[in-house]
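K.L.:
whatever this is, show me its structure:
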Amino acid sequence: MAPFTHKQKAYVQLHVAVFLFGFTAILGKLITLEQTALVWNRLWIAIVGLLFIPGALSGIRKIKRINILRFSGIGVIVALHWLTFYGSIKIGNSASVTLACLATSTLFTSLLEPLITKSKFQWIELLLGLLVIVGIIFLSGVGKTYYLAIAVGLASALLASLFSVYNKKYITGQNSISVTIIELGAGFLCISMCYPILQHYLPQAQWFPVGKDWLWLIVLGLFCTSLAFALAVESLKELTAFVSNLSINLEPVYGILLAIWLLNEDADLNEDFYIGTSIILISVVLHPLLSKIQNRKTKA
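P.N.:
Here you go, the predicted structure:
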């Protein structure tokens with residue numbers, strides 16, 4: 001058997017990460033902590049896990065100061081993405097609705113990547129992004145009780161698109177584990193510095209987990225964050241941000257199936273949800289097919 005090419009290896013890394021990401025929404029619903037405390041604990045547990053990887057800390061010293069600042073800024077975006085992601089789950093009490101919203105990151109990426117990375121604008125990506133809008137229209141018919149959850153979920157998708165595009169722009173030639181530590185560390189510091197404000201508005205909030213929350217947070221922090229995040233960042237050295245986000249859109253497939261199986265969420269969702277989600281996920285299947293056709297026409 002021929003060895004994997006760098007690009008094939010990147011696809012394997014990305015899809016292992018996506019599979020692990022598929023559990024994050026389920027764990028977010030199982031963990032009883034408020035979303036800010038949930039993300040704060042997820043971050044420090046993930047950082048501790050990454051510190052045990054050889055060369056992780058020494059790699060930071062090799063990163064230029066300007067890039068450390070850039071990755072720190074990206075880390076704040078990551079933290080905000082997770083806050084809105086889990087906030088959407090808590091608001092709507094539905095992992096499925098939030099996961100469907102997250103798939104709209106393809107639309108945002110198709111617009112943001114050419115602007116930020118100065119790459120060539122791809123009409124196929126925009127058309128698939130417009131298809132996602134049709135899916136959102138159906139998704140909005142899931143019920144008025146989910147409107148705020150959908151709005152926060154869409155904000156989360158926008159933030160996910162932003163950090164993927166900026167990571168793609170600056171990750172080349174960097175140690176992905178060291179970059180991950182910088183980004184997660186910056187997110188942790190950001191939330192920690194906001195703690196006095198949060199404590200004022202959420203005086204009764206519980207910040208440290210108890211009981212089974214410890215188990216779920218360790219799984220979330222070590223496997224679904226440390227390992228998955230590092231694999232996803234490493235894959236960006238070979239793949240575009242759009243391909244990354246489109247592949248990560250398989251997260252809703254895994255997550256929604258798990259939510260139906262483990263949490264019985266299908267009882268709370270109507271046919272508009274399934275139509276909208278199906279339309280959004282069709283874009284995942286269409287992208288590689290349309291890209292291959294376009295590439296053949298370009299070479300012809």
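K.L.:
next secondary structure after whichever strand or helix holds I218?
P.N.:
For I218, the element it lies in under DSSP states H and E is helix 212-218. Counting by DSSP H and E, the next helix or strand C-terminal to helix 212-218 is helix 228-235.
K.L.:
need the CA coordinates for that following helix. PDB is fine.
P.N.:
In PDB, the C-alpha atoms belonging to helix 228-235 read as follows (Å, rounded to 0.1, in the frame of the first residue of the first chain):
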ATOM      1  CA  ALA A 228      -9.200  17.500  18.100                       C
ATOM      2  CA  PHE A 229      -8.100  21.200  18.000                       C
ATOM      3  CA  ALA A 230      -4.500  20.300  17.400                       C
ATOM      4  CA  LEU A 231      -5.400  17.900  14.600                       C
ATOM      5  CA  ALA A 232      -7.600  20.500  13.000                       C
ATOM      6  CA  VAL A 233      -5.000  23.200  13.100                       C
ATOM      7  CA  GLU A 234      -2.300  20.900  11.800                       C
ATOM      8  CA  SER A 235      -4.500  19.900   8.800                       C
END
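K.L.:
so what does it touch, helix or strand wise?
P.N.:
helix 6-21, helix 176-193, helix 241-248 (3 or more Cβ pairs under 8 Å, 6 or more residues apart in numbering; DSSP states H and E). Every C-beta, even on glycine, is put in place using the N, C-alpha and C of the backbone.
K.L.:
show me where the stretch 1-150 of the chain dips below the pLDDT cut-off.
P.N.:
Applying pLDDT under 70 to the stretch 1-150 of the chain flags the ranges 1-4, 139-144.
K.L.:
let's see that with 50 instead.
P.N.:
In the predicted model, the stretch 1-150 of the chain carries pLDDT under 50 at residues 1.
K.L.:
where exactly do the helices run in it?
P.N.:
6-21, 24-30, 35-51, 56-61, 65-92, 95-102, 105-117, 123-139, 147-170 (DSSP state H, counting those that start in this stretch).
K.L.:
so which of these is the most packed in?
P.N.:
helix 95-102 (a mean of 29; mean count of other Cβ atoms under 10 Å).
K.L.:
hmm, who's touching that helix?
P.N.:
Contacts of helix 95-102 with the rest of the structure, by Cβ atoms under 8 Å, 6 or more residues apart in numbering, involve 25-26, 28-29, 85, 88-89, 92, 135-136, 139, 142, 146, 149-150, 153-154, 156-157, 160, 249, 251-252, 255-256, 258-260, 263, 265, 269, 273, 276-277, 280.
K.L.:
then stretch 210-219?
P.N.:
For stretch 210-219, contacts defined as Cβ under 8 Å, 6+ apart pick out 23, 27, 30-33, 38, 41-42, 45, 209.
K.L.:
and of those residues, the nearest to L112?
P.N.:
Ranked by distance to L112 (Cβ to Cβ), the contacts of stretch 210-219 are led by R42 at 25.3 Å.
K.L.:
who's in contact with the closest one?
P.N.:
R42 touches 82, 217, 220-221, 225, counting by Cβ under 8 Å, 6+ apart.
K.L.:
from I63, how far off is it?
P.N.:
Separation of R42 from I63 (Cβ to Cβ, to the nearest Å): 23 Å.
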